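**Q** Generate a structure from the sequence data that follows.
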Amino acid sequence: MSDPSQSVRVTIFGDEYSVKGDVDIETTRRVADYVNRKMTDLSTRATSRDKVKIAVLSALNIAGELFELISRTENRDKQMSDLERKAELIVRKIDENITKIVND
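**A** Modelled structure (predicted):
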């Protein structure tokens with residue numbers, strides 16, 4: 001395992017950066033590769049060749065993906081809470097019926 005405080009050189013959209021993050025070097029490389037792919041993909045569809053505009057649009061796309069994942073996670077959390085509540089009600093009903101059977 002690598003030291004998260006160690007910096008790593010990455011290339012994003014043709015420019016090299018020295019990045020020092022809170023995660024291991026491999027994760028930093030994977031993130032940089034993801035950003036690079038997003039910018040490269042967007043640049044093939046964009047009318048502008050301005051790197052700053054492509055970076056901002058890519059950041060917006062990535063943020064949109066993040067918000068979608070957050071929304072899905074929140075929905076799944078709500079579904080899990082609903083299922084847990086229903087399971088607790090079922091268990092309570094079963095316990096009540098078992099108690100009735102045993103006491104009869």
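
**Q** In terms of secondary structure, what does the helix or strand harbouring residue 68 contact?
**A** Following DSSP states H and E, one finds residue 68 within helix 51-103. Under the contact criterion of 3 or more CB pairs under 8 Å, 6 or more residues apart in numbering; DSSP states H and E, helix 51-103 touches helix 25-45. C-beta: built from backbone N, CA, C; applies to glycine.

**Q** helices or strands up against the helix it packs on?
**A** strand 8-12, strand 15-19, helix 51-103.

**Q** what comes up buried for the first one?
**A** Within strand 8-12, the residues that qualify as buried are 8, 10, 12, counting by 16 or more other CB atoms under 10 Å.

**Q** Can you tell me the strand partners of it and which way each runs?
**A** Using DSSP bridges, strand 8-12 pairs in its sheet with strand 15-19 (antiparallel).

**Q** Pull the distance from the partner strand to the chain's centre.
**A** Centroid separation for strand 15-19 versus its chain: 23 Å, with CA atoms, centre = their mean, to the nearest Å.
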